[in-house]
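Undergrad: Following is a predicted model, sequence given first.
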Amino acid sequence: MKKLFFKTSYDADPFGYFGEFGSRYVPESLIPALDELTKAYEAAKSDPIFEQELLDLYQHYSGRPTPLYFAKNLTEKLGGAKIYLKNEGLNHTGAHKINHCLGQGLLAKRMGKKRLIAETGAGQHGLATATVAAKFGFECTVYMGAVDVVRQRPNVFWIEQLGAKVVPVEFGTKRLKDAVMAALQDWIAHPNDAYYLLGSALGPHPYPSMVRDFQSIVGLEVKEQLLAAEGKLPDYLIACVGGGSNAIGIFNAFLDDINVKMIGAEAGGKGTGKIGDHAARLQGQGRLGVVEGYKSFFLTNSDGQLEPTHSVSAGLDYSGIGPEHARLFKDGRVNYHAVTDSEVLTAFKLLAKTEGIFPALESSHAVAEATKLAPTLSKDKIIVVNISGRGDKDIFIVADALGDTNWKEFLKTKAN
Amino acid sequence: MHPLEKQFEKIKKENRLGLMTHVVVGYPNLETTRELVKTMSESGADYIELQIPFSDPVGDGPTIREANTAALENGVCVHDAFILADRLTHEDAIATSLLFMTYFNIVLTYGIEKFCHDAGKAGIVGLIIPDYPLEAESHEHLESEAEKNNLVLIRFASLDSTEERLKKLGEKAEGFVYCFSTRGTTGVRSDIDGGIQPALALVKKYFQVPAAVGFGISNAEQIRTLKGSADMVVVGSALVKACESGGKEGVRKKMEELVIALK
């Protein structure tokens, strides 16, 4: 049996600090709920039945293990390092988000909770939460920024079909960060019967550690799969980083393998020159801060007010970054690069045409980074790219960005 | 004796509940905020919270959250709060104790040491930072910096706080303890959670300092139900609303209603 829960030298201390980042900066009214959650999580982690149940769900419900696929055509086209794709898009619901939703859903059930609360940006986490709610029989409320509701209508429709309620968040920037706040406020009001199913490796302790642990299956599988295929560890891992759940998921099992280099791809948007044009927190403009319950780097102004962000992908359009990533950045263990919207669209088209795979726009950031890196490396090197989700959900954005006239005609006809 | 304590002695002598009121700095604008504080002070507020607006005020419900957003849209910055406090203290010679209320990111970004130092100089006597928990002290040292400047960092208690937790919170608490009357965010509510009375009894067991009850307190009737169990009440959103509908006079009227109920 796989050992799902393990320690690394980058883990949080008992107060949830990853070095100087993380912990739980929340109103006193949330402390009892977070204490209860921490206790329940620690107990679940050391219970072999919990682990077995989760591994069963991963396999039989979500379809794990997801393939680690050698992208031969892309590798040949780029003419450098071998590129492998960890295809998380083949999970049930189409992205890695289901991993931590199954883990947290199972935990919520153990805790006897009746309702799940979630926030969502691109809608993938909301979809995965609603899915788990349907499966386990929870009520479910999904908060989504009003801007994202417009951008990701298909996911909203599906979430509702699963029986969950989508609440558009109309305040602030009407995006992911505001959805997080609305979800937190719902939880503050209902700490006893509701479970806040946080969608990334961020927020107050123990969420960053817990979400990472439930996502670590990704890296564990990669290790096993690549050893079987190549007999060695990868030279590079690349993943996109919004809050950072898919990235920490693939990185975690390799953090103590010092020869494995790692790159996190941030949303460079229209370019990282100006605040508001991007969502890159680690390219010089992010400030140390405490927002939404955790300490990390955030895009804020000189007073500490959160600044607006932009990305072609709703899932990366977020002004903070998970606290373990902040530590991995500060310690120099992981490098973080920014990828622009236009590089992302180019990478999306490239992977579609060379390998027949539509990566989500979020994951396309990682693909773009790989297309830059691979040609600079020799052919015996190996890069593993995390395709955190599939791109079907992005049909409206991609069609619009590529200016497809037939698609526009189709939309007009449908609207009539 | 610290000004917070001194005022509480007075409250006790007058055999009544204390009242802390709330303004959002720069809402509806800076000049009005200054006038509102003066009005509240003249009308009998014992303590006044000056909230420094933040973009993501996680503990605040719609009324105060929107006031935060509006103040920021008006271009209010953190520096303005210090100027306002300084003017109220030194130009208006306000008799009421002023506290800064804001979220920790504002303090952290300003610089913890500098924030406490400048606040003390501006005449602030206490800090209310809802997202700064006890455990953060070993990393951030906000409480010790506050102390150096004769500022009290107010501690909190919630309806669900365990006895073990209250015991820890009660040790070395100063000024008063801020008790959440309800689960949820700030904002006007029609009644008071039935859980508040037993929770206050527990708070009294572990805290030597007076218990202030806030969140959802908006009228005289609610204040009367807290007599005997609480020492102070905090009214925020209801006064923001009174200002929205009736301006300075609206606030004066609301204050009259609240102050009568304290006795």
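TA: Great, that's in hand.

Undergrad: Close to chain A: what parts of the stretch 151-263 of chain B are there?
TA: For the stretch 151-263 of chain B, the contact set with chain A under C-beta under 8 Å from any C-beta of the partner chain comprises B:155-162, B:165, B:169, B:180, B:183-185. For the C-beta atoms, the positions are set from N, CA and C on the backbone; glycine is no exception.

Undergrad: How about the contacts made by residue 142?
TA: Defaulting to chain A. A:A118, A:E119, A:T120, A:G126, A:T129, A:A130, A:I159, A:A164, A:K165, A:V166, A:V167 (C-beta atoms under 8 Å, 6 or more residues apart in numbering or on different chains).

Undergrad: my question was about chain B
TA: B:F104, B:V107, B:I112, B:C116, B:L127, B:I129, B:Y132, B:A136, B:L153.

Undergrad: Closest one of those residues to chain A?
TA: B:F104 (4.8 Å; C-beta to the nearest C-beta).

Undergrad: isn't that closest one right up against A:V290?
TA: Yes: using C-beta atoms under 8 Å, B:F104 is in contact with A:V290, at 4.8 Å.

Undergrad: where does chain A dip in pLDDT?
TA: A:1-2 (pLDDT under 70).

Undergrad: Most proximal residue of it with respect to chain B?
TA: A:G304 (3.1 Å).

Undergrad: Which residues lie in contact with that residue in this structure?
TA: Counted by C-beta under 8 Å, 6+ apart, A:G304 has contacts A:R287, A:G289, B:F54, B:V78, B:N105, B:I106, B:L108, B:T109, B:Y110.

Undergrad: Next step: these restricted to helices.
TA: B:V78, B:N105, B:I106, B:L108, B:T109, B:Y110 (DSSP state H).

Undergrad: tally of neighbours for A:G19?
TA: 16 (other C-beta atoms under 10 Å in any protein chain shown).

Undergrad: same thing with the one 10 residues further on?
TA: A:S29 sits with 25 neighbouring residues when counted by other C-beta under 10 Å.

Undergrad: give the contact list for it.
TA: Taking C-beta under 8 Å, 6+ apart, one finds A:I188, A:P191, B:F156, B:S158, B:L159, B:D160, B:F180, B:R183 in contact with A:S29.

Undergrad: next one: A:W407
TA: A:A399, A:D400.

Undergrad: phi, psi of it?
TA: Per-residue torsions, A:W407: phi -60, psi -40 (degrees, to the nearest 10).

Undergrad: For A:D400, see how far away it is.
TA: 8 Å (C-beta to C-beta, to the nearest Å).

Undergrad: among the residues of the stretch 151-263 of chain B next to chain A, which are in helices?
TA: B:R165, B:L169.

Undergrad: Surely A:Y61 is in contact with A:K135?
TA: Yes: contact criterion C-beta under 8 Å: A:Y61 and A:K135 qualify, at 7.3 Å.

Undergrad: Show me which strand runs longest in chain B.
TA: In terms of residue count, the longest strand belonging to chain B (DSSP state E) is strand B:18-24.

Undergrad: Check which helices and strands the following helix or strand past it is in contact with.
TA: Next along the chain after strand B:18-24, taking DSSP states H and E as the criterion, comes helix B:30-43. On a contact count with 3 or more C-beta pairs under 8 Å, 6 or more residues apart in numbering or on different chains; DSSP states H and E, helix B:30-43 meets strand B:18-24, strand B:47-51, helix B:78-86, helix B:237-262.

Undergrad: Export the shortest one to CSV, keeping only CA atoms.
TA: C-alpha atoms of strand B:47-51 as CSV (Å, rounded to 0.1, in the frame of the first residue of the first chain):
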residue,chain,number,x,y,z
TYR,B,47,-14.2,54.7,24.2
ILE,B,48,-14.1,55.2,20.4
GLU,B,49,-12.7,52.8,17.9
LEU,B,50,-11.2,54.4,14.8
GLN,B,51,-11.1,51.7,12.2
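
Undergrad: relative to helix B:237-262, how tilted is the helix or strand following it?
TA: Next along the chain after strand B:47-51, taking DSSP H and E as the criterion, comes helix B:62-73. Helix B:62-73 and helix B:237-262 are oriented at 130 degrees to each other (axes from the mean of the first three to the mean of the last three C-alpha atoms, to 10 degrees).

Undergrad: chain center to helix B:62-73, what's the gap?
TA: 17 Å (C-alpha atoms, centre = their mean, to the nearest Å).

Undergrad: hmm, it in reach of chain A?
TA: Yes: for helix B:62-73, a contact with chain A is found by C-beta under 8 Å from any C-beta, at B:P62, B:R65, B:E66, B:T69, B:L72.

Undergrad: show me what contacts the last one?
TA: By C-beta under 8 Å, 6+ apart, the contact set of B:L72 is A:Q305, B:G26, B:P53, B:S55.
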